[in-house]
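1. For reference, the sequence and a predicted model appear below.
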Amino acid sequence: MNDSVLSIRDLRKSFGPIEIMRGVDLDLRPTERHALIGPNGAGKSTLFHLISGNLTPTSGEIIFDGRQVGGESPETLNRLGLARSFQITNIFPKLSVYENIRLAVMRPYRLQYSFWKSVNRLARVREETEKLLEQVRLNSQASTIAGEMAYSEQRSLEIAITLASNPKVILLDEPMAGMSHEEALYTAELIREVTSGRALMIVEHDMDVVFSLSDRISVLVYGQLIATGTPDEIRNNKSVKEAYLGEEVAQ
Ligand SMILES: Nc1ncnc2c1ncn2[C@@H]1O[C@H](COP(=O)(O)OP(=O)(O)OP(=O)(O)O)[C@@H](O)[C@H]1O
């Protein structure tokens, strides 16, 4: 029996005559932290775009929570429980931290008439907003204008926004990009905490973070997965070492 929350089968994507994704099979377990690594141009972003609905597969299957979702829109996937945070910070820079999170909390409810009729709605939104503020340790910054915070704090805010829809699967695209080593370690710990009980798929270039955070790692090279396994298995995998041409995969 397949107990994965996300299953990818023989996924292919071509841009014109060039096949970029060349038959990928991948399973994401319901509460695992799974990293996707690979050399530049391997197709990591393309795979994320396919999973999150930003690109339509040329062929193959993407099964989320038992349902074939390849080609569904990002909005539909988000409603089903898949949330993606982008490399580019997508917060409202002129709004406060609190307002940013509150807007994200309200989003899933926007079409539910029964919710807006409820007298408790404001209390519920406030409660959820405050819980998220606390989870990402931004309580003391609630009234700060988001665009004026340090870059790493903006990433924390973005993580809160991603969590607001209470997703089963979270896709994080290079969440540590542009951070100092200390900020990266802090953010990795935050990600570990807030994704507990959910499935996480992460693309990240910082190998220290990848190897300490992940339960499993998949290695993509020229649009094909050459290995999936625990950090130890990947560290000792001959094809992975070859693909990185002697680069140090992890200490
Ligand atoms: N829309 C597109 N049209 C044509 N080719 C594309 C398109 N998007 C990506 N590609 C090509 O697909 C290949 C994989 O790109 P992708 O960005 O997915 O790799 P990546 O592993 O995320 O790389 P990086 O680590 O540098 O971010 C590259 O050769 C890229 O030029």
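-> Great, that's in hand. Numbering: from 1, shown residues only.
2. C-alpha from now on. contacts and neighbour counts both.
-> Will do.
3. Just to be sure, residue 133 is in a strand?
-> No. Assignment of residue 133 by DSSP: H, G, I helix; E, B strand; the rest coil gives helix, placing it outside any strand.
4. tell me which residues form a beta bridge with the residue nearest the centre of the chain?
-> Taking CA atoms, centre = their mean, the centroid of the chain lies closest to residue 171, which sits 1.5 Å from it. Here residue 171 shows beta-bridge partners residue 84, residue 201, assigned using DSSP bridges.
5. Okay, it and residue 142: tell me how far apart.
-> Per CA to CA, to the nearest Å, residue 171 is found 25 Å from residue 142.
6. what's the answer for residue 232, then?
-> The spacing between residue 232 and residue 142, counted by CA to CA, is 40 Å.
7. More neighbours: these two, which one.
-> Counted by other CA atoms under 10 Å, residue 232 and residue 142 do not tie: residue 142 has more neighbours, with 19 against 13.
8. hey, where'd the helices end up in the stretch 51-200 of the chain?
-> Along the stretch 51-200 of the chain, counting by DSSP state H, counting those that start in this stretch, helices occupy 74-80, 97-106, 113-117, 121-135, 151-163, 181-194.
9. Kindly reformat these as TSV containing distance to the ligand.
-> Formatted as TSV, those follow (distance: least, CA to the nearest ligand atom, whole Å):
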stretch	distance to the ligand
helix 74-80	17
helix 97-106	27
helix 113-117	39
helix 121-135	29
helix 151-163	18
helix 181-194	18
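10. ranking the ones you listed by mean pLDDT, which is last?
-> The stretch with the lowest mean pLDDT among those is helix 113-117, at a mean of 62.
11. can I assume residue 41 is in contact with residue 224?
-> No. With contact defined as CA atoms under 8 Å, residue 41 and residue 224 do not form a contacting pair (11.7 Å).
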